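J.: I would like the atomic coordinates for the input below:
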Amino acid sequence: MEHILQYQKSLVDRGLAFDSVRLYLLPVRRTFAWVASNWPKQYVNICQDMRLSRRESHSSTYNEEEGNPYLSIHQILNFLDWLARKNGQESLILGVALQGLAGLQLQEALRLTWDKVDMDEETITIDGVVKNRYRIRKIPVCKVIMWLLCRIRHSVDPEKLIIPDYAAFDNYSHAVHRELRRWNPTVYIKPKDLRNTLQTEAIDAGWYGYYVQRYVGHAPATIGERHYHGDQGKRLIPLLREKVVAHIDGEIGKWEAPLDSPIIPGPRLVVNL
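T.: Residues are numbered from 1 along each chain as shown. Below is the predicted model of the structure:
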């Protein structure tokens, strides 16, 4: 046990995150559990009472670089533009757009099917296997997402997945991580954290609130929001379009897009002054 604790301390001293320490120790803990289960009289599972503390994974000194990483909306657009210029990246393009510009969780994006997309209403519906009932929602999406959906959708089965090439979420995560490193080696962000873009931008710009929380599927924060708020169901759609999507489209409008960008809908007029 002393050797295992020394190993754990060495991992913490390296500054590894809590999940990294947990994963490094996982094969050790499973091995002891397996041996003790097979030969209970000869061996004891010395890791049985071992507990990992998240406190040990954080330094007690101030670090200016510490914080939750995220990509801005403009960085998401730059990444999408780069992906769109490569062949065979349609699935990753839609996944990154749905996470970064619509706040979908990784699993929500991977489970989305074409029959949940309303091209006329410009909305998507998230339901089925979800974390809780507040994750079930219909949300309007920005023009870039609708443009990408229209570009990629041809004559597909309505029940077919929008992102069909990645049956397991970890395969998708590895693919996104690989392309992120190729696009910009200085960027380090977990693919599941791409959904942080929308909420962080909203907080920084001052338009974060009830409607953003509903948009991304967060549970109501107060009793009033949970029981007495009157804007529910289909009545919420125009409000989400006004309170959330308008801000997203506004920020996209400030993006210095390349003139030949494949992710911007329609021809653009260039005026020489």
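J.: end to end on stretch 112-132, go ahead and measure it.
T.: 16 Å (CA to CA, to the nearest Å).
J.: please pull out the lowest mean pLDDT helix or strand from this structure.
T.: Lowest on mean pLDDT, DSSP states H and E among the helices and strands of the chain sits helix 223-227, with a mean of 69.
J.: buried residues in the lengthiest helix in the chain, which are they?
T.: Counting by DSSP state H, the longest helix found in the chain is helix 18-38. For helix 18-38, the neighbour count (16 or more other CB atoms under 10 Å) marks 21-22, 25, 29, 32, 36 as buried. For glycine as for every other residue, the C-beta is placed from the backbone atoms N, C-alpha and C.
J.: nearest to residue 114, out of those residues: which one, please.
T.: residue 22 (37.7 Å; CB to CB).
J.: that closest one against residue 52, yeah?
T.: Yes. Using CB atoms under 8 Å, residue 22 makes contact with residue 52 at a distance of 5.7 Å.
J.: tell me which residues in stretch 195-205 are buried?
T.: 195-202.
J.: helices - which of the residues you listed land there?
T.: Among these, the members falling in helices (DSSP H) are 196-202.
J.: confidence score at residue 108?
T.: Reading off the confidence values, residue 108 has pLDDT 91.
J.: just the CA atoms of whichever helix or strand it is part of, as CSV, please.
T.: Element membership of residue 108, judged by DSSP states H and E, is helix 106-111. Extracted in CSV, the C-alpha atoms of helix 106-111 (Å, rounded to 0.1, in the frame of the first residue of the first chain):
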residue,chain,number,x,y,z
LEU,A,106,-21.3,15.7,-27.3
GLN,A,107,-23.7,12.8,-26.9
GLU,A,108,-26.7,15.0,-27.9
ALA,A,109,-24.9,15.9,-31.2
LEU,A,110,-24.0,12.2,-31.9
ARG,A,111,-27.6,11.0,-31.3
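J.: name the surrounding residues that touch it.
T.: Applying CB atoms under 8 Å, 6 or more residues apart in numbering, the contact partners of helix 106-111 are 94-95, 98-99, 126, 128-130, 135, 161-163, 166, 169, 172-173, 191-192, 194-195, 217.
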